[in-house]
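Asks: Quick one: sequence and predicted model below, then my questions.
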Amino acid sequence: MSVASSHYDAVIIGAGMSGLAAAVRLGMFGQKVLVLERHNAAGGLNSFYARGQRKYDVGLHALTNWVPEGAKGAPLVKLMRQLRIRREELDLCPQVGSRVTMAGRNLRVNNCFADFEADVAREFPRSIDRFRALDAHLSGLDEAALEAPGGSARALLDERLGDPLLRDMLLLPTCFYGSAVEDDIEVSQFAVMWRSLFKEGFARPFIGVRQVIRLLVDRCREHGVERRMKCGVRRLEVRGERVAAIALDDGTEVTADRVYSSAGAVETLRLRSDQAPLVGAGEIGRLGYAETIATYEPQAFAGFGWRDTIIFFCDDERFSYRAPADLVDPRSGVICIPNNYQYGPGRTLDEGWLRVTALANHDAWCRLPEDEYLAHKQAWCTRLNRVARAHLPAVTDAVHDAAQTSTDVFTPRTVRKFTGHLNGAIYGAPAKRRDGRTDVANLFLIGTDQGFLGVTGAMLSGISMANLHGLKA
């Protein structure tokens with residue numbers, strides 16, 4: 001093996017949102033930084049891919065934590081300040097309007113908490129005072145604190161609200177957008193989601209996730225950050241309770257004062273030379289997703305009358321959030337229509353888009369032979385599309401099918417292949433490490449298993465850990 005002599009202040013594993021943000025932050029202060037990415041594209045769990053002339057977003061339904069210009073102290077404002085990003089560079093367009101729907105009840109999630117609260121008062125009049133007390137309690141928590149409160153959000157909601165349906169309607173969007181725990185979400189994570197979804201809201205860059213990735217990559221370039229794409233980490237050589245060297249897939253080796261890993265807690269553990277190959281099996285997350293994507297001829301799509309931005313739906317009597325026995329659980333999920341953001345005069349997407357996300361079984365998808373895998377992908381694409389259409393203004397199959405121009409599907413197997421996340425678990429391991437520390441002195445976690453949520457949270461994770469472990473030391 002050839003050995004390079006390159007030494008860095010920081011090596012970052014993964015060019016996702018957290019990794020790139022950490023790299024920018026460290027680079028801003030003159031540190032020598034190397035970002036390593038096994039894939040050929042940046043973005044990690046929030047990236048994009050091309051099929052023909054189309055570019056499909058992966059992960060990003062919305063950039064959460066949207067606040068209007070002039071808002072103070074919001075996570076989005078902190079992010080822009082820390083990375084020196086101007087608001088106009090993100091090109092954020094607020095949503096038209098989203099909702100949570102279950103058992104015939106609807107709660108608006110439309111960047112206006114007063115509307116959300118009014119819907120709770122209408123749909124659950126006996127619980128509105130308790131709801132307001134819950135909001136006061138959650139608003140008093142510092143959800144970004146590194147010593148955040150733990151515990152079960154389900155138990156908290158049962159205690160504070162006493163209404164199982166309202167509890168489920170609050171768990172539905174918060175779990176789908178951030179929980180690694182089956183049938184629950186940890187209290188501090190729930191508080192993050194409460195603020196980012198209900199108190200603040202959704203927006204989207206006009207061109208989608210590419211806008212954010214492009215900004216971060218440009219900032220890396222401006223600050224002299226070195227990026228090596230299609231070059232992953234083969235092994236972390238641990239000696240004397242420190243990472244002494246990082247062995248790369250290409251056979252070279254680098255060294256660093258600090259290593260920041262966005263690969264995941266167990267995934268990072270398994271890279272270490274001082275650990276067994278299959279260590280941490282009981283700590284791996286079990287929650288994976290399948291997502292279908294359909295595109296439509298724009299004029300016909302406009303006639304469908306589909307005006308929602310995002311719909312969080314549950315068609316069962318109770319919300320179940322766990323790895324399904326079947327390939328996919330169609331009883332609940334998320335419908336996203338990227339066309340329905342306020343893009344402004346003269347700006348519309350080239351096609352109509354419908355994305356449907358539901359819980360999926362990683363092991364079941366991975367057991368399928370290739371021909372069966374492809375057949376099941378297509379079958380579930382059709383089925384989830386019909387589930388989604390039941391929550392939208394009716395369009396006949398003939399009109400719908402004639403307008404459809406393409407479909408695609410990704411499964412937990414896809415997620416594992418392109419991100420390395422074990423079990424295709426988008427939200428990683430159930431246990432988070434808010435301070436990013438590991439038992440190795442110069443190895444830190446960022447991203448999913450550090451614990452900040454969403455695209456905004458992922459970037460703040462990288463920034464916070466860079467500040468804590470790289471700039472305050």
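Replies: The structure has been received and is ready for your questions. Since the structure is predicted, the reported quantities are computational estimates derived from the model, not experimental observations. Numbering: from 1, shown residues only.
Asks: Can you pull the poorly scored residue ranges out of the stretch 101-250 of the chain?
Replies: Applying pLDDT under 70 to the stretch 101-250 of the chain picks out residues 143-144, 148-149.
Asks: repeat that for 50
Replies: Scanning the stretch 101-250 of the chain for pLDDT under 50 picks out nothing.
Asks: for the protein, longest helix please?
Replies: helix 370-389 (DSSP state H).
Asks: List of residues touching that one?
Replies: Outside helix 370-389, the residues within contact range by Cβ atoms under 8 Å, 6 or more residues apart in numbering are 290, 292, 294, 311, 315, 327-328, 330, 333, 335, 354, 356, 358, 365, 368, 395, 400, 407-409, 411, 413. Where C-beta positions appear, they are placed from N, C-alpha and C, glycine not excepted.
Asks: could you redo the last one with a cut-off of 7 Å?
Replies: For helix 370-389, contacts defined as Cβ atoms under 7 Å, 6 or more residues apart in numbering pick out 290, 292, 294, 327-328, 330, 335, 354, 356, 358, 365, 368, 395, 407, 409, 411.
Asks: Any of those residues buried? List them.
Replies: Burial by neighbour count, 16 or more other Cβ atoms under 10 Å: within the contacts of helix 370-389 this picks out 290, 292, 294, 327-328, 330, 335, 354, 356, 358, 365, 368, 395, 409, 411.
Asks: which of those residues sit farthest apart?
Replies: Within the buried ones among the contacts of helix 370-389, Leu368 and Val395 form the most distant pair, 31.1 Å apart (Cβ to Cβ).
Asks: any chance you could map the strands in the stretch 1-150 of the chain?
Replies: According to DSSP state E, counting those that start in this stretch, the stretch 1-150 of the chain carries its strands in the segments 7-13, 33-37, 47-51, 54-58, 92-94, 98-102, 105-109.
Asks: out of those, deepest packed?
Replies: Highest mean neighbour count of the strands of the stretch 1-150 of the chain: strand 33-37, a mean of 26 (counted as mean count of other Cβ atoms under 10 Å).
Asks: who does that one pair up with?
Replies: strand 7-13 (parallel), strand 226-229 (parallel) (DSSP bridges).
Asks: among these, which is nearest Ala23?
Replies: strand 7-13 (5.3 Å).
Asks: can you dump the C-alpha coordinates of the closest one into PDB?
Replies: Extracted in PDB, the C-alpha atoms of strand 7-13 (Å, rounded to 0.1, in the frame of the first residue of the first chain):
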ATOM      1  CA  HIS A   7      -1.900  15.700   7.300                       C
ATOM      2  CA  TYR A   8      -5.000  17.700   7.900                       C
ATOM      3  CA  ASP A   9      -6.500  19.700  10.800                       C
ATOM      4  CA  ALA A  10      -9.800  17.900  10.100                       C
ATOM      5  CA  VAL A  11     -10.900  14.900   7.900                       C
ATOM      6  CA  ILE A  12     -14.700  14.700   7.400                       C
ATOM      7  CA  ILE A  13     -16.300  11.400   6.400                       C
END
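Asks: can you pull out the helices in the stretch 251-400 of the chain?
Replies: All helices of the stretch 251-400 of the chain, identified by DSSP state H, counting those that start in this stretch, fall at 265-269, 298-302, 362-367, 370-389, 397-403.
Asks: What are the buried residues along the third one?
Replies: It refers to helix 362-367. For helix 362-367, a neighbour-count test (16+ other Cβ under 10 Å) marks 362, 364-365 as buried.
Asks: can you give me the helices for the stretch 51-200 of the chain?
Replies: 75-83, 87-90, 113-123, 128-139, 153-161, 164-176, 187-193.
Asks: Out of the ones you listed, which is closest to Arg221?
Replies: Closest of the helices of the stretch 51-200 of the chain to Arg221 is helix 75-83, at 13.5 Å (criterion: Cβ to Cβ).
Asks: That closest one - contacts with which helices or strands?
Replies: The helices and strands touching helix 75-83, judged by 3 or more Cβ pairs under 7 Å, 6 or more residues apart in numbering; DSSP states H and E, are helix 17-28, helix 454-466.
Asks: Compute the inter-axis angle for it and helix 17-28.
Replies: Put simply, helix 75-83 runs at 40 degrees to helix 17-28, going by axes from the mean of the first three to the mean of the last three Cα atoms, to 10 degrees.
Asks: Name the residues of helix 75-83 that come out as buried.
Replies: Buried residues in helix 75-83, counted by 16+ other Cβ under 10 Å: 75-80, 82-83.
Asks: and of these, the nearest to Asp129?
Replies: Using Cβ to Cβ, Pro75 is the member of the buried residues of helix 75-83 that lies nearest Asp129, at 28.6 Å.
Asks: For the closest one, which residues are in contact?
Replies: For Pro75, the contacting residues are 65, 456, 460, by Cβ under 7 Å, 6+ apart.
Asks: residues touching the second one, list them.
Replies: The contact partners of Thr456, by Cβ under 7 Å, 6+ apart, come to 63-65, 75-76, 79, 196.
Asks: Count the neighbours of the closest residue to it other than its chain neighbours for me.
Replies: Closest residue in space to Thr456, ignoring its immediate chain neighbours: Asn65 at 4.3 Å, by Cβ to Cβ, 6 or more residues apart in numbering. The number of residues packed around Asn65, counting by other Cβ atoms under 10 Å, is 27.
Asks: residues in contact with stretch 272-288?
Replies: 180, 182, 235-238, 265-266, 269-270, 323, 359-360, 362, 412, 415, 422-431.
Asks: Buried subset of the residues you listed, written for ChimeraX?
Replies: Selection of buried members from the contacts of stretch 272-288 for ChimeraX, criterion 16+ other Cβ under 10 Å:
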select :180,236,237,238,265,266,269,270,323,359,360,362,412,415,422,423,424,425,426,427,428,429,430
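Asks: Look at Ala22 and say how many residues are nearby.
Replies: Residues within reach of Ala22, counting by other Cβ under 10 Å, total 33.
Asks: residues in contact with it?
Replies: Ala22 sits next to 12, 260, 446, 462-463, 465-466 when contact means Cβ under 7 Å, 6+ apart.
Asks: Now with 8 Å, please.
Replies: Listed by Cβ under 8 Å, 6+ apart, the contact set of Ala22 reads 10, 12, 260, 446, 462-463, 465-466, 470.
Asks: May I see these arranged in JSON lines, with pLDDT and distance to Leu248 as well?
Replies: Putting these into JSON lines (pLDDT from 0 to 100; distance: Cβ to Cβ, whole Å) gives the following:
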{"residue": "Ala10", "pLDDT": "98", "distance to Leu248": "15"}
{"residue": "Ile12", "pLDDT": "98", "distance to Leu248": "13"}
{"residue": "Tyr260", "pLDDT": "98", "distance to Leu248": "16"}
{"residue": "Ile446", "pLDDT": "97", "distance to Leu248": "19"}
{"residue": "Gly462", "pLDDT": "96", "distance to Leu248": "21"}
{"residue": "Ile463", "pLDDT": "97", "distance to Leu248": "26"}
{"residue": "Met465", "pLDDT": "96", "distance to Leu248": "22"}
{"residue": "Ala466", "pLDDT": "97", "distance to Leu248": "22"}
{"residue": "Gly470", "pLDDT": "96", "distance to Leu248": "21"}
